[in-house]
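J.: for reference, the sequence and a predicted model appear below.
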Amino acid sequence: MTSNGRRAKNPYYDGPRSDHFDGVRFFNPNGIEPLGLTALLKWQWLEKRARWPNVYPSPFVGAKPGERVAGDDLRVTMVGHASLLIQTQGQNILTDPVFSTRASPLSFAGPKRHNPPGVRLDDLPRIDLVLVTHNHYDHLDIASLKAIVAKHHPEIITPLGNDAIIRKSIPNARIITTDWGDETDFGPFTIHTEACHHWSARGMGDRRMALWAAFVITTPAGAIYHIGDTGFHGGINYRAAAEKHGGFRLAILPIGAYEPRWFMKGQHQNPAEAVEGMRLAGARYAVGHHWGTFQLTNEAVEAPLEALAAALDAAGVERERFRPLRAGESVDIPL
């Protein structure tokens, strides 16, 4: 309900109720809702934020990926934050492309990049498919999508409601809109839209009015599990993904933006939870993202690296199996 007693209206999606949609807003079943204004102000005023360097350089910036990766080979290249290029079976998939200087609706304020994109927009190979996990500005950047659509004309797969946001500015975008549990055939792949524990908003009045999701890409040479953002949520979604898909060749998991825990725990997992998620999902290898580009929370710039290494050692997992990629860095995933 709004302050005047009227029922809120969803500007993005008008569909039937479900186990994660109440008719106006999406929600995480049995999950934790994002905290409100009082908690936000407490975090901003009372918690200490580590100071990041103005520039956090990556030695891999300026990478120029090959045009295609054939057959069962699988290569992942970090563009930055949650933007990754996945190449396999002769197809190029780009996740949550953000090439802008700021993850913000404003050009002069909001989280600013601490390093340039590891791959320039002009150096991208032909993009066949874009996966957009949700509508936060560090994941859905209209300027970047507009440039990619103009040059590459890819298919875009995104959860319910996000299509309306994209089409408003890019009416010629080719968009497939999906709900949790949906399957989309794309070339040699099937793209599964799966649950994760997060939320959405582009402004003050649209909280949880567009859906968030993870994606599973099933390929002839093993499945890839990509999560843009998630809280650990007791491992529920990881267990469900393993049961449904039978394990993964690769999991692409967020490892940053997790402090302070009392505020972030419901929506952003920490590196130790990411390692446990890798184990629960049955992933042979993992790539860590969502760190080192935009400072969104309180931890130091390299704290995710240190915490991930400690968590892997404690779990008895070889560090080479879970690689936190820097901007422009590529990794070839064994079969």
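T.: Noted; the coordinates are in hand.
J.: which residues in the chain form helices?
T.: Across the chain, reading from the start of the chain, the helices by DSSP state H fall at 37-46, 142-152, 162-169, 236-245, 261-264, 271-281, 303-315.
J.: buried deepest among those helices, which one?
T.: Ranked by average neighbour count under the criterion mean count of other Cβ atoms under 10 Å, those are headed by helix 271-281 at a mean of 23. No exception for glycine: its C-beta is placed from N, CA and C like everyone else's.
J.: got the angle between it and helix 303-315?
T.: Note on geometry: by axes from the mean of the first three to the mean of the last three Cα atoms, to 10 degrees, helix 271-281 and helix 303-315 are set 50 degrees apart in direction.
J.: looking at the helices of the chain, which is closest to Thr178?
T.: Using Cβ to Cβ as the criterion, the shortest distance between Thr178 and the helices of the chain is 9.5 Å, found for helix 162-169.
J.: name the helices or strands packed onto that closest one?
T.: Counting contacts by 3 or more Cβ pairs under 8 Å, 6 or more residues apart in numbering; DSSP states H and E, helix 162-169 is packed against helix 142-152, strand 174-178.
J.: would you put the C-alpha positions of the longest one in PDB?
T.: Extracted C-alpha coordinates of helix 142-152, given in PDB (Å, rounded to 0.1, in the frame of the first residue of the first chain):
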ATOM      1  CA  ILE A 142      21.400   1.300 -20.300                       C
ATOM      2  CA  ALA A 143      24.200   3.100 -22.000                       C
ATOM      3  CA  SER A 144      26.300   0.000 -22.300                       C
ATOM      4  CA  LEU A 145      23.300  -2.100 -23.500                       C
ATOM      5  CA  LYS A 146      22.400   0.500 -26.100                       C
ATOM      6  CA  ALA A 147      25.900   0.400 -27.500                       C
ATOM      7  CA  ILE A 148      26.000  -3.400 -27.600                       C
ATOM      8  CA  VAL A 149      22.600  -3.600 -29.200                       C
ATOM      9  CA  ALA A 150      23.600  -1.100 -31.900                       C
ATOM     10  CA  LYS A 151      26.800  -2.900 -32.800                       C
ATOM     11  CA  HIS A 152      26.000  -6.600 -32.100                       C
END
